[in-house]
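Student: kindly return the folded structure for what I paste below:
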Amino acid sequence: MRLGEITPLTWDQVNLPGRMIRLRGEHSKEGMPKSVPITKGVRDLLLTLPARGQSESVSTYKGTPCTTFMTA
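Tutor: Below you'll find the model as predicted:
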């Protein structure tokens, strides 16, 4: 997955029991919806995120959804 696909990811797109992430077309490079399998490592990481159940957005910083990431 690309950074531009991960940043806007919401929990309703994450199916942990089914181990799939469903990306919306407007967030994929190809402009088409796609499904991405969740590996065990990614699943374990997602289960540790503090935003799980507290925010619609998967990516948060101090409780605020992340919309962009800055690089050095």
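Student: so what's the closest residue to G63 other than its chain neighbours scoring on pLDDT?
Tutor: Excluding its sequence neighbours, the residue lying closest to G63 (Cβ to Cβ, 6 or more residues apart in numbering) is S55, at 6.8 Å. The C-beta positions use only the backbone N, C-alpha and C, and glycine is treated the same way. Listed pLDDT for S55 reads 73.
Student: what sits against S55?
Tutor: Residues counted as contacts of S55 (Cβ atoms under 8 Å, 6 or more residues apart in numbering) are W11, G63, P65.
Student: bridged to T60, which residues?
Tutor: Bridge pairing for T60 (DSSP bridges) gives the partners P65.
Student: neighbours of it, just the number please.
Tutor: Burial measure for T60: 16 neighbouring residues, criterion other Cβ atoms under 10 Å.
Student: mind giving me CSV with the contacts of S55 and columns for pLDDT and distance to L47?
Tutor: Shown next, in CSV, are those (pLDDT from 0 to 100; distance: Cβ to Cβ, whole Å):
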residue, pLDDT, distance to L47
W11, 90, 12
G63, 71, 18
P65, 72, 19
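Student: need the buried ones from those residues selected in ChimeraX.
Tutor: Selection command for ChimeraX covering only the buried members of the contacts of S55, criterion 16 or more other Cβ atoms under 10 Å:
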select :11
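Student: so what's the backbone phi/psi at the closest residue to I38 other than its chain neighbours?
Tutor: Sequence neighbours aside, R19 is the residue nearest to I38 in space, at 4.3 Å (criterion: Cβ to Cβ, 6+ apart). Phi and psi for R19, reported as degrees, to the nearest 10, are phi 50, psi 50.
Student: surely R19 meets R43?
Tutor: Yes: with contact defined as Cβ atoms under 8 Å, R19 counts as touching R43 (6.4 Å).
Student: all helices of the protein, in order?
Tutor: Assigned by DSSP state H, the helices in the chain fall at 3-6, 40-48.
Student: so which of those is nearest R24?
Tutor: helix 3-6 (9.1 Å; Cβ to Cβ).
Student: most centrally placed residue in the chain?
Tutor: Nearest residue to the geometric centre of the chain (Cα atoms, centre = their mean): L9, 3.5 Å.
Student: how deep is the residue nearest to that residue when sequence neighbours are not counted tucked in, by neighbour count?
Tutor: With sequence-adjacent residues excluded and distances taken as Cβ to Cβ, 6+ apart, L9 is closest to V58, at 4.4 Å. Using other Cβ under 10 Å, V58 has 21 other residues around it.
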